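*Asks:* Provided below are the primary sequence and the corresponding predicted coordinates.
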Amino acid sequence: MPIYLKDLDVVPEVAKYKSALIVLCRFCPAASLAVRNNKPFMTIFRSLLKTEPYEALVDNMQLRLEKEGLKTGVFKGNLLNYLICLWTSGWRKKLIKRAGQFEAVVVMGCESAYESVQEILKSTDCRVFQGMESEGVLNAIPKVGLPFNIAFEKYKVTPMIYQGKQPEQEVRH
């Protein structure tokens, strides 16, 4: 099941730069926002790879960054490169090339997506920001409705801990 995510307000921190690229993972963030907003995950014949609440969140972030004077762009996966953690080597090279035009990169995905983008861009000067964080693993019931909507009904969110976010423990000798 997807990771259940919530968005973080990174605009004030990212606004310190001149340009930002928003990098999208297409599954977990979209599923999370669809469930949270009680909206379809996708409408097959209208918007195959788009989820209304997720698109609105990304558009809003881009607008807010542009109001702060930043040049912005959005890097979206395609049908074969839907999940950041499963991107092909070719898609990773495309990200490196595109990110080279920006000072900051905002990752809209789970901690694994964030770590993946950090690793991909380690040879660049881009500062990578985490735009979402995990609340847990989403256990949902898929629903199919007319006109060919696919939605998820939240059943349960199982909490999880991202080890990279744990406070440093004191080491005693």
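*Replies:* Cool, got the structure.
*Asks:* which other helices and strands contact the longest helix along the chain?
*Replies:* Ranked by residue count under DSSP state H, the longest helix found in the chain is helix 52-67. Applying 3 or more CB pairs under 8 Å, 6 or more residues apart in numbering; DSSP states H and E, one finds that helix 52-67 contacts helix 11-14, strand 19-24, helix 28-37, strand 71-75, strand 104-108. (C-beta placed from N, C-alpha, C; glycine too.)
*Asks:* Residues contacting the last one, please?
*Replies:* The list of residues contacting strand 104-108 from outside it, by CB atoms under 8 Å, 6 or more residues apart in numbering, reads 7, 10, 14, 17, 19-25, 29, 54, 57-58, 61, 84, 99, 113-114, 117, 121, 126-132.
*Asks:* Alpha carbons of that strand, as CSV, please.
*Replies:* Output in CSV follows, covering the C-alpha atoms of strand 104-108 (Å, rounded to 0.1, in the frame of the first residue of the first chain):
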residue,chain,number,x,y,z
ALA,A,104,17.0,24.2,-5.1
VAL,A,105,15.0,21.1,-5.6
VAL,A,106,11.8,20.3,-3.6
VAL,A,107,10.9,16.6,-3.5
MET,A,108,7.2,15.8,-3.3
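*Asks:* Quick one: mean pLDDT over it.
*Replies:* Averaging pLDDT along strand 104-108 gives 97.
*Asks:* List the neighbouring strands of that strand plus their orientation.
*Replies:* With DSSP bridges as the test, strand 104-108 is paired with strand 19-24 (parallel), strand 127-130 (parallel).
*Asks:* After the longest strand belonging to the chain, which helix or strand is next?
*Replies:* Across the chain, the longest stretch assigned as strand under DSSP state E is strand 132-145. Following strand 132-145 in sequence order, the next helix or strand is strand 149-158 (DSSP states H and E).
*Asks:* List the buried residues in that following strand.
*Replies:* N149, I150, A151, F152, K154, V157 (16 or more other CB atoms under 10 Å).
*Asks:* in this structure, which ranges drop under the pLDDT threshold?
*Replies:* Within the chain, the ranges that satisfy pLDDT under 70 run 1, 44-49, 78-82, 147, 154, 162-173.
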